[in-house]
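Student: let me see the structure of the following:
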Amino acid sequence: MEKIRVAVVGVGNCASSLVQGIHHYAGRSRADAVGIAHWEIGGRRPADLEVVAAFDVDARKVGRDLSEAIFAAPNCTQQFAPDVPKLGVPVRMGRLLDGISPHMADHPEHRSFRRSGIGEADAREVVRVLRESGSQIVVNYLPVGSEQATHFYAECALEAGCGFVNCIPVFLASDPAWAERFVAAGLPIVGDDIKAQLGATITHRTLTDLFRRRGVELERTYQLNTGGNTDFLNMLNRDRLASKKESKTEAVQSVAAERLADEDIHVGPSDYVAWQNDQKVCFLRMEGKLFGDVPMNLELRLSVEDSPNSAGVAIDAIRCCRVAMERGHAGPVAAASAAFMKHPPEQLPDDEAYRRLEAEIAG
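Tutor: Model prediction:
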């Protein structure tokens, strides 16, 4: 089958892991595909994705071939496929808007944003690139809090006739007004805010659901996360965190037996630790009561490489979005969004989302 032609918005650590992953799994068999949940979706394997367009605003990436830009500063994720060949895909200058928090300039250059001297692209230019590259799916990897920039690229995707996979907590698929725009355009969208393969939120959800199923009363809980990538550096600006905290908190609340009071639940980023690089550490605590009102508590520490942890999920989300497009689906792709995203249009328990996803994949 023809490859899925993907445009990436934001050439950061997550985009790096996605591009590396496409190359890493090329030529492998199902038996050798460690870390892949679905070897085939709609007849396409992980290596059947092709990134044909990329946008960024950092001077160290704009103008370079994508194969080089994914390893340029301030990216710091693990290089598990360092021999990505030249792709012939130049990173284009995008549109800044609110994509970069002003405080990023206060940190060392190798960690922070370097402004490009190239003029920013307007919507007409972005749409032209999407069309001329034959892009079918746009993947949004902008920093948390980039609401204006996300809306800009979503508008461009609609104009260019592309499906959309929204990996960040700016609400599109879960916003009825935006969802209706994709319905009207006859285009699919998977969103919002990607869940990692085995990350803090999916683990927290699973344990919360376990409490419910086993009759344990959950009284209070927190999830604290630290990391050293630019995502955590960006989130030091607490003004950009409102949608992120809402997305992560609702993902946990939606599977609890009873919703916790706001003062009894804290889910969200905690702090930036530069030397952790792309290593994310989650500290999770849950307090509750067992039979006879006997108290209990659970503490867990989870350490993962943050960006590869989301790339395998993104590969599945992209393939599901393309299959939905081929089947003529318009608007939010319900099962894929519930299975892959923290803030989908409809929150489902993970086992139910998985069952619906398998049925959706099977057609």
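
Student: what segments of the stretch 51-200 of the chain are helices?
Tutor: In order along the chain, the stretch 51-200 of the chain carries the following helices (DSSP state H, counting those that start in this stretch): 66-69, 123-133, 147-160, 176-185, 200-213.

Student: just the CA atoms of the first one, as CSV, please.
Tutor: Right, the one you point to is helix 66-69. What follows is the C-alpha trace of helix 66-69 in CSV, where atoms were taken according to Å, rounded to 0.1, in the frame of the first residue of the first chain:
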residue,chain,number,x,y,z
LEU,A,66,14.9,16.7,8.9
SER,A,67,17.4,13.9,9.5
GLU,A,68,19.8,16.4,11.0
ALA,A,69,17.3,18.7,12.6
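
Student: contact partners for residue 345?
Tutor: Residues counted as contacts of residue 345 (CB atoms under 8 Å, 6 or more residues apart in numbering) are 173-174, 179, 332, 334, 337. To be clear about C-beta, it is placed using only N, CA and C from the backbone, and glycine gets the same treatment.

Student: whoops, I mixed them up, residue 195
Tutor: 201-202, 251, 310, 313, 340-342 are the contacts of residue 195 under CB under 8 Å, 6+ apart.

Student: picking that back up, want to throw the contacts of residue 345 into CSV with distance to residue 299, neighbour count and pLDDT?
Tutor: Below are those laid out as CSV (distance: CB to CB, whole Å; neighbours: other CB atoms under 10 Å; pLDDT from 0 to 100):
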residue, distance to residue 299, neighbour count, pLDDT
173, 34, 27, 98
174, 31, 25, 98
179, 39, 19, 98
332, 36, 29, 98
334, 35, 20, 97
337, 31, 30, 98
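
Student: before we move on, back to that, dump the contacts of residue 195 to a markdown table, plus secondary structure, neighbour count and distance to residue 354.
Tutor: A markdown table is the format used below for the contacts of residue 195 (DSSP: H, G, I helix; E, B strand; the rest coil; neighbours: other CB atoms under 10 Å; distance: CB to CB, whole Å):
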| residue | secondary structure | neighbour count | distance to residue 354 |
| --- | --- | --- | --- |
| 201 | helix | 21 | 16 |
| 202 | helix | 17 | 11 |
| 251 | helix | 23 | 15 |
| 310 | helix | 23 | 18 |
| 313 | helix | 21 | 13 |
| 340 | helix | 29 | 11 |
| 341 | strand | 29 | 13 |
| 342 | coil | 28 | 15 |
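
Student: so where's the stretch 101-250 of the chain uncertain?
Tutor: For the stretch 101-250 of the chain, applying pLDDT under 70 flags no range at all.

Student: ok, for residue 356, nearest residue in space, not its chain neighbours?
Tutor: Using CB to CB, 6 or more residues apart in numbering and skipping residues adjacent in sequence, the residue nearest residue 356 is residue 335, 3.8 Å away.

Student: and the one you found, how many neighbours?
Tutor: Around residue 335 sit 23 other residues, with neighbours defined as other CB atoms under 10 Å.

Student: doesn't it belong to a helix?
Tutor: Yes: Residue 335 forms part of a helix when assessed by DSSP: H, G, I helix; E, B strand; the rest coil.

Student: quick one, what contacts residue 273?
Tutor: The neighbourhood of residue 273, defined by CB under 8 Å, 6+ apart, consists of 226-228, 232.

Student: ok, back up a step: in contact with the residue nearest to residue 356: list those residues for me.
Tutor: 353, 356-357, 359-360.

Student: with residue 342 instead?
Tutor: By CB under 8 Å, 6+ apart, the residues touching residue 342 are 169, 192-195, 201, 247-248, 250-251.

Student: what residues of the helix or strand containing residue 280 count as buried?
Tutor: For residue 280, the element it lies in under DSSP states H and E is strand 279-289. Neighbour counts using 16 or more other CB atoms under 10 Å place 279-282, 284, 286-288 of strand 279-289 among the buried residues.

Student: can you pull out the strands in the chain?
Tutor: Under the criterion DSSP state E, the chain contains strands at 4-9, 49-56, 91-93, 137-140, 163-166, 188-190, 217-227, 265-272, 279-289, 295-305, 331-332.

Student: circling back to that earlier point, dump the buried residues of strand 279-289 into CSV; add distance to residue 5 and pLDDT as well.
Tutor: Compiled in CSV, the buried residues of strand 279-289 are given as follows (distance: CB to CB, whole Å; pLDDT from 0 to 100):
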residue, distance to residue 5, pLDDT
279, 32, 98
280, 30, 97
281, 36, 98
282, 35, 98
284, 39, 98
286, 43, 98
287, 49, 98
288, 48, 98
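
Student: so which of those residues comes closest to residue 319?
Tutor: When those are compared for distance to residue 319 (CB to CB), residue 280 wins out at 25.0 Å.

Student: how close does that closest one sit to residue 198?
Tutor: 11 Å (CB to CB, to the nearest Å).

Student: what residues do the two have in common as contacts?
Tutor: Residues touching both residue 280 and residue 198 (CB under 8 Å, 6+ apart) are 304, 309.

Student: for residue 215, see how far away the residue of the chain most remote from its centre is.
Tutor: Residue distances from the centre of the chain (CA atoms, centre = their mean) peak at residue 292, which lies 41.8 Å from the mean C-alpha position. In this structure, residue 292 and residue 215 are 12 Å apart, going by CB to CB.

Student: so how far is stretch 245-259 off the chain centroid?
Tutor: Once both centres are worked out by CA atoms, centre = their mean, to the nearest Å, stretch 245-259 turns out to sit 18 Å from its chain's centre.

Student: buried ones in that stretch?
Tutor: Within stretch 245-259, the residues that count as buried by 16+ other CB under 10 Å are 245-256.

Student: what sits up against that stretch?
Tutor: By CB under 8 Å, 6+ apart, the list of residues contacting stretch 245-259 reads 169, 171, 192-193, 195, 201, 204-205, 208-209, 211-212, 217-218, 221, 223, 260, 265, 267-268, 342-343, 347, 349-350.

Student: perfect, that will be all.
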